[in-house]
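Enquirer: sequence first, predicted coordinates after that:
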Amino acid sequence: MKKLFFVLLLLNLSFTISSQETTNDEKPTIFERKHEVRLGAIKLLAGPIFEGSYEYIVSSNQGFGAYALVNLDSSNDWFENYSLTPYYRMYFQTNEDYGAKGFFVEGFTSFFSSDFNLEDEINGQESNDDVFDISIGLSLGKKWINTSGFVFEFKIGAGRNLLGNADSDAIIKGDFYIGYRF
């Protein structure tokens with residue numbers, strides 16, 4: 001009888017332990033979300049220039065990613081036809097409610113193609129020379145995020161062209177971005 005009681009007690013205990021396991025099908029909290037996509041709103045509306053961005057959140061104060069830009073209308077006055085800009089970013093936010101938000105400093109390298117020639121623009125001539133250049137630079141910005149994961153970001157930066165193929169020695173980066181963290 002003691003053996004039967006002991007076996008029933010073990011079975012009951014094993015069912016109780018196994019019933020305590022639950023699956024968590026809830027969405028990850030904002031702390032657990034590591035991926036972010038953004039779209040450059042001002043360039044898209046004024047250009048039309050498509051600039052998309054992806055960022056991987058490493059921790060609450062750092063992330064890295066890349067911007068991809070495609071100029072959809074080569075007759076506009078934007079200097080880039082297309083570019084790929086990888087970056088590393090440090091966040092300086094004292095209140096880390098959501099992490100990877102607030103004021104940031106970004107170091108970037110931009111690989112871009114340009115046919116913009118300032119002298120041709122002044123003289124009213126067309127330029128068809130497509131040149132490739134690489135730049136390295138810094139950006140400053142601010143990012144806001146809400147509990148649903150929607151992101152708003154403003155960024156401005158500048159870099160120096162390294163190869164000397166482009167008409168100017170500097171490159172300007174910046175926009176107002178709208179995105180989502182998942």
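Expert: Yep, that arrived. The structure presented is a predicted model; accordingly, all values stated were derived computationally and were not measured.
Enquirer: where does Ala100 land in three-state SS?
Expert: What DSSP: H, G, I helix; E, B strand; the rest coil gives for Ala100 is coil.
Enquirer: look at the closest residue to it other than its chain neighbours and report its pLDDT.
Expert: Nearest-residue entry for Ala100: Ile57, 4.5 Å, with adjacent residues in sequence omitted and distances by C-beta to C-beta, 6 or more residues apart in numbering. Using the backbone N, CA and C atoms, a C-beta is placed for each residue, glycine as well. Here, the pLDDT recorded for Ile57 equals 93.
Enquirer: what about Ile57, which helix or strand?
Expert: strand 49-59 (DSSP states H and E).
Enquirer: that strand packs against which elements?
Expert: strand 35-40, helix 41-46, strand 62-71, strand 170-181 (3 or more C-beta pairs under 8 Å, 6 or more residues apart in numbering; DSSP states H and E).
Enquirer: just send those back as JSON lines, with distance to Phe154 and mean pLDDT too.
Expert: JSON lines is the format used below for the helices and strands packed on strand 49-59 (distance: least, C-beta to C-beta, whole Å; pLDDT from 0 to 100):
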{"stretch": "strand 35-40", "distance to Phe154": "11", "mean pLDDT": "96"}
{"stretch": "helix 41-46", "distance to Phe154": "10", "mean pLDDT": "92"}
{"stretch": "strand 62-71", "distance to Phe154": "14", "mean pLDDT": "95"}
{"stretch": "strand 170-181", "distance to Phe154": "5", "mean pLDDT": "94"}
